[in-house]
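K.L.:
Generate a structure from the sequence data that follows.
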Amino acid sequence: MLMRTDPFREFDRLAQQALGTAAGTWSRPAAMPMDAYRRGDEFVVEFDLPGVDPSAIELSVERNVLTVKAERRPTLRDEHVEMQVSERPLGVYSRQLFLGDTLDTEHVHADYHSGVLTLRIPVAERAKPRTIAISTANDPGRREIDA
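P.N.:
I've put the predicted structure just below:
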């Protein structure tokens, strides 16, 4: 038998259930925690989705808006199981990111490992620093400067 060690945990769980903040529905999904950072020539976003089956994750990009939707479904149990504690939230999670024009949304790479969905979005070629050739009227030769 499991024993509770935190007397306020049950109050928190009841408040989350009453306010609907623990998990979401398709009409009102809950937000999923994320980290976002730039590493070299790519933008990396990591979403925490523990317990979510990879087939229950939807990822789409439309007009520079990246949408991630996921659903944590209940574990199938037979009729002989008597639940003692149920604190893991089930339901629908969603997050939208507005991607700037400097990212290449055509080449987004997604990987799901150990409950973390990692997206790698390369920086668009047009946004990378480049060298521009300059010619002058006095010198028909060209010289290059960094832009």
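K.L.:
can you count the residues close to the closest residue to residue 64 other than its chain neighbours?
P.N.:
In space, residue 64 comes closest to residue 99 once its chain neighbours are excluded; the distance is 4.6 Å by C-beta to C-beta, 6 or more residues apart in numbering. C-beta: built from backbone N, CA, C; applies to glycine. Using other C-beta atoms under 10 Å, residue 99 is surrounded by 18 other residues.
K.L.:
Now name the helix or strand holding the residue of the chain positioned farthest from its centre.
P.N.:
Distance from the C-alpha centroid of the chain peaks at residue 138, with 54.6 Å (C-alpha atoms, centre = their mean). Assigned by DSSP states H and E, residue 138 falls within no helix or strand.
K.L.:
residue contacts, it?
P.N.:
Counting by C-beta atoms under 8 Å, 6 or more residues apart in numbering, residue 138 touches no other residue.
K.L.:
Now do the same contact list for the residue nearest to residue 108 when sequence neighbours are not counted.
P.N.:
Nearest non-adjacent residue to residue 108, counting by C-beta to C-beta, 6+ apart: residue 121, 5.2 Å away. Contacts for residue 121 (C-beta under 8 Å, 6+ apart) come out as 42, 43, 44, 45, 66, 99, 103, 104, 105, 107, 108, 109.
K.L.:
Quick one: the helices in the protein, in order.
P.N.:
Secondary structure of the chain, counting by DSSP state H: helices at 9-19.
K.L.:
Need the residue closest to the centroid of it.
P.N.:
For the chain, residue 47 is the residue whose C-alpha lies nearest the centre (C-alpha atoms, centre = their mean; 3.8 Å).
K.L.:
before we move on, the earlier item: put the buried members of the contacts of residue 121 into a ChimeraX selection.
P.N.:
Buried residues among the contacts of residue 121 (16 or more other C-beta atoms under 10 Å), as a ChimeraX selection:
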select :42,43,45,66,99,103,104,105,108
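K.L.:
Let me have the contacts of residue 121 in a markdown table, extended by distance to residue 36.
P.N.:
Written out in a markdown table, the entries for the contacts of residue 121 read as follows (distance: C-beta to C-beta, whole Å):
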| residue | distance to residue 36 |
| --- | --- |
| 42 | 11 |
| 43 | 7 |
| 44 | 7 |
| 45 | 5 |
| 66 | 11 |
| 99 | 11 |
| 103 | 11 |
| 104 | 16 |
| 105 | 15 |
| 107 | 17 |
| 108 | 13 |
| 109 | 15 |
